[in-house]
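[1] Build me a structure from this.
(2 chains)
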Amino acid sequence: MAEKKPYYITTAIAYASGKPHIGNTYEIVLADSIARFKRFEGYDVRFQTGTDEHGQKIELKAQEKGMTPKEHVDQVAGEIKRIWDLMNTSYDKFIRTTDADHEKQVQKIFKYLYDKGDIYKSEYKGMYCTPCESFFTESQLIDGKCPDCGRPVTPAKEEAYFFKMSKYSDRLIQYIEEHPEFIQPKSRENEMMNNFLKKGLQDLCVSRTSFRWGIPVDFDPNHVVYVWIDALTNYITGLGYDLDGNHAETFHKYWPADLHLIGKDILRFHTIYWPIMLMALDLPLPKKVFGHPWLLQGDGKMSKSKGNVIYADDLVDLFGVDAVRYFVLHEMPYENDGVITWELLVERINSDLANTLGNLVHRTLSMTNKYFGGIITNTKVTESVDEELKAYTKETIKKACEAMDRLHVADALTEIFNLFKRCNKYIDETTPWILGKDESSHPRLNTVMYNLCDSIMVGASLLNSFMPETAASIANQLGTPLKDLCDLDINQFPSDHKVVEKPEMLFARLDLDEVMKKVEELSSAAEETEEYPEVEPKAEITIDDFDKIQIQVGEVLECEKVKKAKKLLCSKIRVGKEVRQIVSGIALSYKPEEMVGKKVAVITNLKPAKICGIDSQGMILAAGEDADHLSVLTLDKDMLPGTEIC
RNA sequence: CGCGGGGUAGAGCAGUUGGAAGCUCGUCGGGCCCAUAACCCGGAGGUCGCAGGUUCAAGUCCUGUCCCCGCAACCA
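    Model (predicted):
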């Protein structure tokens, strides 16, 4: 037999700052179903996932928790791995960027690129805010001051290493043009080309000195390797890549990757930076990068601060692994974002899993037991409807494979469930309960039951990649093993074969009210442990420092949206005798007419600046971090506009 | 005039090269009773965002316009 063709698929590595939610979890399940399907098709699959464990955020997070960064990432990586396992994902390799062999290769790669001249040492020229320990470019500055804390910044330079992106950009443009399959979905390709590549790439800063938790640049220990080279290279180091050429066998076998599966938000890094790094290393580029859509809850992207996070383990507790896998895979179109709500979840589970599939298996097995004591014999008393069912079954195999080839996972699932629906229809067409009444019809009845079991087995074998537990349960109840694609065909079900005596329900129907009750319990439990906002402490100031800021009461006289800007409102505000024009980024939280008449706190001695081309003379104070959940400061008692606040 | 995607039945979505508007859920009516009040059939419901244009023929191509959403910018 010919050697199996290799297939290498990866997910993005998860950032180990906290627990992943269902949106993150979607990616690993999607990758898993593709990996399993490729194995089913006969490929020698390698499926890699892992965690990205360096960086300042993790350093800080660990500090807050009173842990070392290593302790922190060990804990989070364990948690992520637990959830990946809970979702029943079949990854072959879980790489961590803190793995010793990964770190070693990253250092070698960095050094090699430096020696080669693709990485050069330069400096970050910019303005530095000492208390914030941050650099800003001129354009980021607010009124010449730190955009975070508003304090003065000093011109400073920080040493950093840069990667010469522009050197390779023409080659990359050519590659993308010659490989239309490379960036998926296609619409994203234009975005990358027009927004970045054709505009000209800026050199990429690839080292940092502002934090320590990273892989040290071994020839310049003040620097740590910044995320790009550290994280992206996991795809090759995880295969045993060695810069000196002593690659592990797995690297020879599996590189270049067949598919990098990533969220659409990081497509840029994977279709621009990563290919360029590979070019610099003289390695072939991955064959395909697919930026999958997001799973949104209700009408917004899930985020902690919105308090609408759904975690995979809660869902699994409530519905079971396969129901969750089914939902996320099925509800996710190829290109547009998918929506997850409790109502939709319950609807899908009831109608597809319980009614169509669960009930089909149950009624089939019940009948074979009722009429034949569970023994199925292919008596070959056929009618024309049988051929229709068989043709449909065969066609489903083909259609599912085609859909998977195009990575249209949801469509493949739909095809499989259409087969189950066709089976239900077949039962109505053949009316086994009538055949069962008359002893002389039993040979025909036997063939009907045989055909049903045969098609269900085909369906279950196809379903195995998406819902492994369910497929296994069906196979178990039918008493025959699942098949791989090469053996998958109609009329392969064994004859004179005994199925399980007491069929089990695969999925119970759910009551939405009961589910919502449980959800309430969960969310109220979560509320108790809700964290207060995390605010980075700023350096202590004196009363004199504070005194430099002049805050006054301002009355909003007029207010309108700034065209061309999504978040900006432009207000005319009375402060004492004068009326100022102030632009503020609160349009997502306030409508212009809401603002009119409000008396708000205004910083009045801020140097005027232009925002989106409009003059702004001051700043309205507001609380909140998310642009769509801001609250402007108003006054408890009525005061005249212009009154000083101190 | 920064780049790109989208507006199709109550909801969620398909509609490949222009050739009789589809799917799932819901809803209404019927059938069936093996089965998890499940299954099967049928009906109602859309001037395919709006306005023009090309064509024998446009959801599908062109122009203009309104509204949503990404990316970029910006958030005083």
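[2] Residue A:253: neighbour count?
    As a burial measure, residue A:253 scores 14 neighbours (other C-beta atoms under 10 Å). All C-beta atoms are positioned from the backbone trio N, CA, C, and that covers glycine.
[3] Quickly list what the nearest residue to it once chain neighbours are set aside is bridged to.
    Distance criterion C-beta to C-beta, 6 or more residues apart in numbering; nearest residue to residue A:253, sequence neighbours excluded, is residue A:6 at 5.3 Å. Bridge pairing for residue A:6 (DSSP bridges) gives the partners residue A:44.
[4] what sits against residue A:6?
    Residues near residue A:6 by C-beta atoms under 8 Å, 6 or more residues apart in numbering: A:43-46, A:253-254, A:258.
[5] Report the buried members of these.
    Buried subset of those (neighbour count, 16 or more other C-beta atoms under 10 Å): A:43, A:45-46, A:254, A:258.
[6] Save those as JSON lines, and put in distance to residue A:103 and pLDDT too.
    Compiled in JSON lines, the buried ones among the contacts of residue A:6 are given as follows (distance: C-beta to C-beta, whole Å; pLDDT from 0 to 100):
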{"residue": "A:43", "distance to residue A:103": "31", "pLDDT": "96"}
{"residue": "A:45", "distance to residue A:103": "27", "pLDDT": "97"}
{"residue": "A:46", "distance to residue A:103": "22", "pLDDT": "98"}
{"residue": "A:254", "distance to residue A:103": "21", "pLDDT": "97"}
{"residue": "A:258", "distance to residue A:103": "26", "pLDDT": "94"}
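[7] Among those, find me the one that's closest to RNA strand B.
    Proximity of the buried ones among the contacts of residue A:6 to RNA strand B, judged by C-beta to the nearest atom of the strand, is greatest for residue A:258, which lies at 23.3 Å.
[8] Wait, that closest one touches residue A:290, no?
    No: counting by C-beta atoms under 8 Å, residue A:258 stays clear of residue A:290, with 10.6 Å between them.
[9] Common neighbours of these two, please.
    With contacts defined as C-beta under 8 Å, 6+ apart, no residue is shared by residue A:258 and residue A:290.
[10] how far does stretch A:472-481 sit from the chain's center?
    33 Å (C-alpha atoms, centre = their mean, to the nearest Å).
[11] Average pLDDT for it, rounded please.
    When pLDDT is averaged along stretch A:472-481, the result is 96.
[12] now swap in stretch A:496-516 and tell me
    Rounded mean pLDDT across stretch A:496-516 is 89.
[13] do the same with stretch A:331-341
    Across stretch A:331-341, pLDDT averages out at 69.
[14] Can you get me the start-to-end distance on it?
    End-to-end distance of stretch A:331-341: 11 Å, with C-alpha to C-alpha, to the nearest Å as the criterion.
[15] now the residue positioned nearest the centre of chain A, nearest residue through space, not along the chain?
    Centroid check for chain A by C-alpha atoms, centre = their mean gives residue A:24 as the closest residue, at 3.9 Å. Ranked by C-beta to C-beta, 6+ apart and with sequence neighbours excluded, the top spatial neighbour of residue A:24 is residue A:14, at 6.1 Å.
[16] wouldn't that neighbour be in contact with residue A:26 here?
    No: contact criterion C-beta under 8 Å: residue A:14 and residue A:26 do not qualify, at 12.0 Å.
[17] Which of these two has more residues huddled nearby?
    residue A:26 (27 against 24).
[18] Just the C-alphas of the helix or strand where that one lies, formatted as CSV.
    Applying DSSP states H and E as the criterion places residue A:26 in helix A:22-40. C-alpha atoms of helix A:22-40 as CSV (Å, rounded to 0.1, in the frame of the first residue of the first chain):
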residue,chain,number,x,y,z
ILE,A,22,-16.1,29.4,23.7
GLY,A,23,-15.0,31.6,20.9
ASN,A,24,-11.4,30.5,21.4
THR,A,25,-12.5,27.0,21.9
TYR,A,26,-14.3,27.1,18.5
GLU,A,27,-11.0,27.2,16.8
ILE,A,28,-9.6,24.0,18.3
VAL,A,29,-12.9,22.2,17.6
LEU,A,30,-12.9,23.3,14.0
ALA,A,31,-9.3,22.3,13.6
ASP,A,32,-10.0,19.0,15.3
SER,A,33,-12.9,18.2,12.9
ILE,A,34,-10.7,18.9,9.9
ALA,A,35,-7.9,16.9,11.3
ARG,A,36,-10.1,13.9,12.1
PHE,A,37,-11.7,14.2,8.6
LYS,A,38,-8.3,14.1,7.0
ARG,A,39,-7.4,11.0,8.9
PHE,A,40,-10.7,9.5,7.9
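[19] Is that helix in proximity to RNA strand B?
    No: under the criterion of C-beta under 7 Å from any atom of the strand, RNA strand B is not reached by helix A:22-40; the shortest gap measures 13.1 Å.
[20] go on, stretch A:197-206?
    No: using C-beta under 7 Å from any atom of the strand, stretch A:197-206 stays clear of RNA strand B, coming no nearer than 8.3 Å.
[21] what about that stretch, start to end distance?
    Termini of stretch A:197-206 sit 19 Å apart (C-alpha to C-alpha).
[22] average pLDDT for that stretch?
    Rounded mean pLDDT across stretch A:197-206 is 77.
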